[in-house]
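S.K.: dropping the sequence and predicted coords here.
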Amino acid sequence: DFCLSRGLGDVYKRQLQDITAAKNYQRGLEFLSAMAGVANESSTLQEVLTASDSQVRPYARWPAVLVAVPASPLPGAELVHIDIEWSAASPTTRDLARTLAVEAVAHGGMVHRAVRHEDHLVAGPVLVGERLACVLVSGTGAREAPQPTDLAIFEQTLTLLAQVAEREWAAEALATARDEALSASRAKSEFLATMSHEIRTPLNGIVGMTELLAKTPLDEIQRQYAQTLVDSAELLTEVVSDVLDYSKLEQGKVGLESIDFDPLAAVEKAVACFEGKAAASGTELAIVPSATLPGSVIGDPARLRQIVLNLVGNAVKFTDAGSITVGIDVEGTSLTITVCDTGIGIPPDAQDHIFEAFTQADQTTTRRFGGSGLGLAICSRFATLMGGRLEVQSEVGVGTTFTLHTPVTGVRPRVQPLTGRTIGVALGSVVMRRAVRARLRLLGAHATDIDGPASDELGLVDGLVLDAEDLSWRSWAKSVSLSLIHISEPTRQA
C-alpha cells in the first residue's frame, strides 16, 4: 500500500509540474506578445521602457529590477543604473543586479545568479552589432536556476529591445546626415550668393566702360575687339546672375509679388530682348496670343518674365534657323505659356533630368553654346514657387516645346478696339501671318489673308497689315482708301 501511495504521489506531482510549466509557458507567450506590441509602436528605448510599465508589466513573470545604459556611445563607457520598481527588491538584490549588469557586458551575453535566501537574477545585454544599447536585469522569483524555456523568452525580449535601439539609431543617423546636408547646402548657397555679388559688381563696371569704349572713334579691328569684349562680359554677367538666382532659391530668399498686370505685355517685354539676335540668325520670332486672352490678371509679372526670358533665350540659342513661336493663353485661372522652336531638340534620355541644376542636354552643349546649366532649373523652381509646373516635349532635329502652367487670379477681359472690323494680312511668312492674325483677333477684328494686290478680298477689308519694306505693296496701298497697319516685327503694330 505504501509503495502504491508513493507511486500515485509521484504521478500527481509530475502532472502538477506539467500543468505549472504549461501555464508558465502560456504566460510567457502573453508577455512576449505584449512586449512585441510595445516595441513595434515605439521609436526609442525610453518609449519602450515607459510604455512597458503599464502595458507589459501585468504579464511579466520575471519583474524587471534594473536597466543599465552606457553613459556614452564609446566602447567601455561607464554604465548608468536605473532602478525599476516592478518588485520590492531588497538593497542586496539591487547591488547584485548592478554587478550582474557589468558582468553581462563583459561576457557579451546572459548571466544569472542566485540571491541568498531571496531570488535568482538574470541579466542580458541589448546589443546592436557590437554596440551596447542597455542591460536588462530581471528577477525570476525563485531560488533555483531558470528553465531553458524561460531563458529563451528573456533572450527574445532582449532581441525586441535591440530592434527598437537599431531603429532609434538609424533615425538619429538619418537626421544627422540630413542636418549636415542642409548645413552644407546652406553654406554652399551663401558662398555662391556672396561670390556672385562680388563678381557682378566689378563686372557691371567692365560692361559699362566697354560699351563707352565701343562708342569712341575706333578703327574696324578695334571695334571688333571692343564688341567681343562687350559680348563676353554680357555672357559672364548672365552666368553670374543665374548662379545668384539659384543660390537665392536654395536659401528660400525669393518672394513672390501679387499684382495686377497684362500677361501679353509681360511676355512682349521679355521676347523683345531677343528680336535682334533672332533676326541676325535668320530665325522668325513671333508671339501668338489666344483670341480670348484677358487684359489683366493678378500674379507675379517679374518671375513670369524671368521664366520667359530663359525659355526664349534658350530657343534663340539652340535654333540656327526656322522659327520660334511664343503662345499665351488663360483658361479659367490657369495661365499657359508655350515656347516652341525648330531647333536642335533634346534627346529623350536627357529630358528626364533637363530641369536639374548644372544640367544641359550633353556635355558638348556647354562647350558649343555656353551657359551655366542653371536656366531651366531656375525656371522650374520659379514655376513650382508660383504654384505651377514646367513641362518639356522635344524631338531631336525637329524642335522643342516648353510649356508653363501657373495659376492666376483677378482675370479681367481685354478691351477690343477693332471689334466689327475686317483686317487683311498680306505677309509672306506663314509664321508672321499666324502671329498677326492672332493679334488682330485678340483686338476684336476679323483677320483674313490677302495674297496680293490683285486679290478680290481687298475691297472687303477695313484695313491692311503688310510689310513696310515691300515697296510694291506700299505704293499700291497709297492709291486706295485703306487704313494701313504697317509692321516691321511680328509683335509690334503701329
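M.R.: Structure's in. What do you need?

S.K.: please tell me how far Glu47 sits from Thr176.
M.R.: 20 Å (C-beta to C-beta, to the nearest Å). C-betas here are computed from N, CA, C, even on glycine.

S.K.: and the two? Which one has more around it.
M.R.: Glu47 (15 against 10; other C-beta atoms under 10 Å).

S.K.: who are the packing partners of the helix or strand hosting the more buried one?
M.R.: Element membership for Glu47 (DSSP states H and E) is helix 45-55. Helices and strands touching helix 45-55, as assessed by 3 or more C-beta pairs under 8 Å, 6 or more residues apart in numbering; DSSP states H and E, comprise helix 2-41, strand 64-70, helix 148-214.

S.K.: output those in a markdown table, with mean pLDDT and distance to Ser429 appended to each entry.
M.R.: Below are these laid out as a markdown table (pLDDT from 0 to 100; distance: least, C-beta to C-beta, whole Å):
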| stretch | mean pLDDT | distance to Ser429 |
| --- | --- | --- |
| helix 2-41 | 66 | 71 |
| strand 64-70 | 91 | 80 |
| helix 148-214 | 83 | 33 |
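
S.K.: if I take the helix holding Glu47 and strand 64-70, what angle do their directions form?
M.R.: Computed by axes from the mean of the first three to the mean of the last three C-alpha atoms, to 10 degrees, the angle separating helix 45-55 from strand 64-70 equals 170 degrees.

S.K.: counting neighbours, which bits of helix 45-55 end up buried?
M.R.: Residues of helix 45-55 classed as buried by neighbour count (16 or more other C-beta atoms under 10 Å): 45, 48-49, 51-52.

S.K.: Phe402: what secondary structure?
M.R.: strand (DSSP: H, G, I helix; E, B strand; the rest coil).

S.K.: what about the closest residue to Thr140 other than its chain neighbours, helix or strand, and which?
M.R.: Sequence neighbours aside, His120 is the residue nearest to Thr140 in space, at 4.4 Å (criterion: C-beta to C-beta, 6 or more residues apart in numbering). Element membership for His120 (DSSP H and E) is strand 119-128.

S.K.: return that strand as CSV; C-alpha atoms alone will do.
M.R.: The C-alpha coordinates for strand 119-128 follow below in CSV (Å, rounded to 0.1, in the frame of the first residue of the first chain):
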residue,chain,number,x,y,z
ASP,A,119,15.7,35.4,-5.6
HIS,A,120,17.5,34.5,-8.8
LEU,A,121,18.6,37.3,-11.1
VAL,A,122,19.1,37.1,-14.9
ALA,A,123,21.0,39.9,-16.8
GLY,A,124,21.4,40.3,-20.5
PRO,A,125,22.9,43.0,-22.7
VAL,A,126,20.9,44.6,-25.6
LEU,A,127,23.4,44.7,-28.4
VAL,A,128,23.1,46.1,-32.0
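
S.K.: returning to what we had before: tell me the one among the buried residues of helix 45-55 nearest to Cys379.
M.R.: Of all the buried residues of helix 45-55, Leu45 has the smallest distance to Cys379: 48.0 Å, by C-beta to C-beta.

S.K.: for that closest one, list the residues it contacts.
M.R.: 69, 126, 133-134, 161, 164-165, 168 (C-beta atoms under 8 Å, 6 or more residues apart in numbering).

S.K.: farthest pair in the residues you listed?
M.R.: Longest span within the contacts of Leu45, C-beta to C-beta: Val69 and Val164, 13.2 Å.

S.K.: and these two? Which one has more around it.
M.R.: Counting neighbours by other C-beta under 10 Å for Val69 and for Val164 shows that Val164 has the greater number, 24 against 18.

S.K.: residue contacts, that one?
M.R.: Contact analysis of Val164 by C-beta under 8 Å, 6+ apart lists 39, 42-45, 47-48.

S.K.: so which of those comes closest to Pro217?
M.R.: Ser43 (77.4 Å).

S.K.: check the burial of that closest one by counting its neighbours.
M.R.: Ser43, neighbours per other C-beta under 10 Å, totals 11.

S.K.: ok, it - contacts?
M.R.: Taking C-beta under 8 Å, 6+ apart, one finds 164, 167-168, 171 in contact with Ser43.

S.K.: and the buried ones among those, selectable in PyMOL?
M.R.: To isolate the buried members of those in PyMOL, using 16+ other C-beta under 10 Å:
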select buried, resi 164+167+168
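
S.K.: can you list the contacts of Ser43 in JSON lines and add distance to Ser290?
M.R.: Below are the contacts of Ser43 laid out as JSON lines (distance: C-beta to C-beta, whole Å):
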{"residue": "Val164", "distance to Ser290": "60"}
{"residue": "Arg167", "distance to Ser290": "55"}
{"residue": "Glu168", "distance to Ser290": "58"}
{"residue": "Ala171", "distance to Ser290": "52"}
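
S.K.: tell me the mean pLDDT over the helix holding Glu47?
M.R.: Mean per-residue pLDDT for helix 45-55: 87.

S.K.: how far out from the middle of the chain is stretch 271-285?
M.R.: Once both centres are worked out by C-alpha atoms, centre = their mean, to the nearest Å, stretch 271-285 turns out to sit 34 Å from its chain's centre.

S.K.: so what touches it?
M.R.: In contact with stretch 271-285 (C-beta under 8 Å, 6+ apart) are residues 287, 308-309, 312-313, 316, 319-324, 326, 429, 431-432, 489-491.

S.K.: selection in PyMOL covering whichever of those are buried, please.
M.R.: Selection of buried members from the contacts of stretch 271-285 for PyMOL, criterion 16+ other C-beta under 10 Å:
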select buried, resi 287+308+309+312+313+316+319+323+324+326+431+432+489+490+491
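
S.K.: the stretch 201-350 of the chain: strands as residue ranges?
M.R.: 259-261, 283-289, 296-299, 322-331, 334-341 (DSSP state E, counting those that start in this stretch).

S.K.: any chance you could list what contacts the shortest one?
M.R.: In this case it means strand 259-261. By C-beta under 8 Å, 6+ apart, strand 259-261 touches 296-301, 410.

S.K.: 6 Å instead, please
M.R.: Applying C-beta atoms under 6 Å, 6 or more residues apart in numbering, the contact partners of strand 259-261 are 296, 298, 301.

S.K.: could you do stretch 110-127 as well?
M.R.: Against stretch 110-127 from outside (C-beta under 6 Å, 6+ apart): 93, 96-97, 100-101, 103-105, 132-140, 142-143, 146, 154, 158, 161-162.

S.K.: just the buried ones from those residues?
M.R.: If we count by 16+ other C-beta under 10 Å, these have these buried: 93, 96-97, 100-101, 104-105, 132-140, 146, 154, 158, 161-162.

S.K.: can you tell me the SS state at the residue at minimal distance from the centre of the chain?
M.R.: Centroid-nearest residue in the chain: Arg381, 8.4 Å away (criterion: C-alpha atoms, centre = their mean). Put simply, Arg381 is helix when judged by three-state DSSP.

S.K.: neighbours around the nearest residue to it once chain neighbours are set aside, how many?
M.R.: The spatially closest residue to Arg381, leaving aside those adjacent along the chain, is Leu249, at 4.8 Å (C-beta to C-beta, 6+ apart). For Leu249, the count of nearby residues is 20 (other C-beta under 10 Å).

S.K.: mind checking how far Leu249 is from Gln306?
M.R.: Distance from Leu249 to Gln306, by C-beta to C-beta: 11 Å.

S.K.: cool, Gly397 as well?
M.R.: Taken as C-beta to C-beta, the span from Gly397 to Gln306 is 29 Å.

S.K.: right, I'll call it a day here.
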